[in-house]
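Asker: Next come a sequence and a model predicted from it.
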Amino acid sequence: MIKRIAITGPESTGKSRLAEELAIHYQTAWVAEYARKYLEKIMRPYDYEDILQIAVGQLDNENKTAENANKLLFCDTDFTVTKIWCEFKYNKCHQWINEQFKYHKYDLYLLCNTDLPWEFDPQRENPNERETLFQIYHQLLKDSALPFVIINGTGAERTNNAIKYIDNIL
């Protein structure tokens, strides 16, 4: 049985890099963030309905990638991201995303802290709200009683901190 690890948190907290580095370390697969590819493809500002399509695409990619995983699957983005994204930006969330958040669980959630400097990217929107968003992620994971740890540090230190937690669930 494959253990799925969700890498979650606000924008520009190193989720993609961490997912890739952990997959290399554990010699397994990782699921890239579907939103990035989707937003580049639509060639217009996204809207509320697009977040649902992103969530569906993310899950589809996750399930396809799981077929090639070796004991662990690292997921750069999960339903905490799409749920919080909808609620923060639109003050509502799609029922399907809420249901997936409730029932599609991961063996461990790595909540990336905001201790990395903000890096500009045209798809990022909230450079001044990362700490607020981090607290929203933290509270949601706590309130939902999900198995999570906060990942701190920069560079190799950040990856090594994640590896320590992951080794504990293996």
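Answerer: Thanks, I have it.
Asker: what's in contact with the helix or strand harbouring residue 59?
Answerer: Residue 59 is part of helix 48-66, with elements assigned from DSSP states H and E. Outside helix 48-66, the residues that touch it by C-beta atoms under 8 Å, 6 or more residues apart in numbering are 2, 4, 29-35, 38-39, 42, 73, 75, 77-79, 82, 85-86, 89-90, 92, 94, 96-97, 100, 104. The C-beta positions use only the backbone N, C-alpha and C, and glycine is treated the same way.
Asker: which helices and strands sit right next to the next helix or strand after it?
Answerer: Remark: after helix 48-66, the chain's next helix or strand is strand 72-76, criterion DSSP H and E. Using 3 or more C-beta pairs under 8 Å, 6 or more residues apart in numbering; DSSP states H and E, the elements in contact with strand 72-76 are strand 3-8, helix 15-26, strand 29-31, helix 48-66.
Asker: Buried subset of the contacts of helix 48-66 as a PyMOL selection?
Answerer: This is how PyMOL selects the buried members of the contacts of helix 48-66, with burial counted by 16 or more other C-beta atoms under 10 Å:
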select buried, resi 4+29+30+31+32+33+34+35+38+39+73+75+77+78+79+82+85+86+94+97+100
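Asker: sorry, back to before: deepest-packed of the helices and strands packed on strand 72-76, please.
Answerer: strand 3-8 (a mean of 25; mean count of other C-beta atoms under 10 Å).
Asker: okay, the angle between it and strand 72-76?
Answerer: Per axes from the mean of the first three to the mean of the last three C-alpha atoms, to 10 degrees, the angle that strand 3-8 makes with strand 72-76 is 20 degrees.
Asker: Offset the numbering so it begins at 36, please.
Answerer: With 36 as the first residue, the last one maps to strand 38-43.
Asker: send the alpha carbons of strand 38-43 over as PDB?
Answerer: Extracted in PDB, the C-alpha atoms of strand 38-43 (Å, rounded to 0.1, in the frame of the first residue of the first chain):
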ATOM      1  CA  LYS A  38       1.500   6.100   1.700                       C
ATOM      2  CA  ARG A  39       0.400   9.500   0.300                       C
ATOM      3  CA  ILE A  40       2.100  12.600   1.700                       C
ATOM      4  CA  ALA A  41       0.500  16.000   1.100                       C
ATOM      5  CA  ILE A  42       2.700  19.000   0.900                       C
ATOM      6  CA  THR A  43       0.600  22.000   1.700                       C
END
